[in-house]
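S.K.: structure, please.
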Amino acid sequence: MNMEHRKFFKHNHRISLSIGSYIDDNFMLTETSREMKSLPNVLFVVSSTCSSCNMGAIEEFIQDQQDQFKFTLVTDNLESTYIKEQENIHILKRNIFDFIGSIGIPGVPFVVGINKVNQIISAGPSSTISAIYDVLSPFFEVEEK
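M.R.: Numbers count the residues shown, from 1 in each chain. You can find the predicted model right below:
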């Protein structure tokens, strides 16, 4: 059987950030992450070399939801003036490939929803504004009930 067409399965990464698990306080490696517990935190992971990473969608989500969440952006290079100017966005500059490998994210762009007690509520790919809302829908469904 010819398996050449399945070679992409060789690097099948599993998400180690499982829903319901807790993120260690030292995960972000900053004091700012401890200050962010007053609201749920949305963690965006993007790369400057990623063709699917849509900073416009992230900016739009932040503008729409700035009073509902705190935000952390993990990136290798930030070109967004809007995000640099926002007080409620913590920016972590990291080598993205090392970062996603160390925490088990399968790729970028990726979004993780974290509640006030550092529990992962949702996680998934985030290349469009609708994808971001879909991944973070558990936060909105709780508010509505």
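
S.K.: report all helices and strands that the longest helix anywhere in the chain contacts.
M.R.: Identified as the longest helix of the chain according to DSSP state H is helix 55-65. The contact analysis (3 or more Cβ pairs under 8 Å, 6 or more residues apart in numbering; DSSP states H and E) places helix 55-65 against strand 41-45, helix 81-85, helix 129-135. Glycine gets a C-beta too; all of them are placed from N, C-alpha and C.

S.K.: now these as CSV including mean neighbour count, distance to Pro109 and mean pLDDT?
M.R.: CSV is the format used below for those (neighbours: other Cβ atoms under 10 Å; distance: least, Cβ to Cβ, whole Å; pLDDT from 0 to 100):
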stretch, mean neighbour count, distance to Pro109, mean pLDDT
strand 41-45, 24, 7, 93
helix 81-85, 12, 14, 75
helix 129-135, 17, 9, 95
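
S.K.: mind giving me a markdown table with the ones you listed and columns for distance to Glu60?
M.R.: Converted to a markdown table, the helices and strands packed on helix 55-65 look like this (distance: least, Cβ to Cβ, whole Å):
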| stretch | distance to Glu60 |
| --- | --- |
| strand 41-45 | 12 |
| helix 81-85 | 10 |
| helix 129-135 | 5 |
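
S.K.: what's the closest of these to Val117?
M.R.: Of all these, strand 41-45 sits nearest to Val117, with 10.7 Å by Cβ to Cβ.
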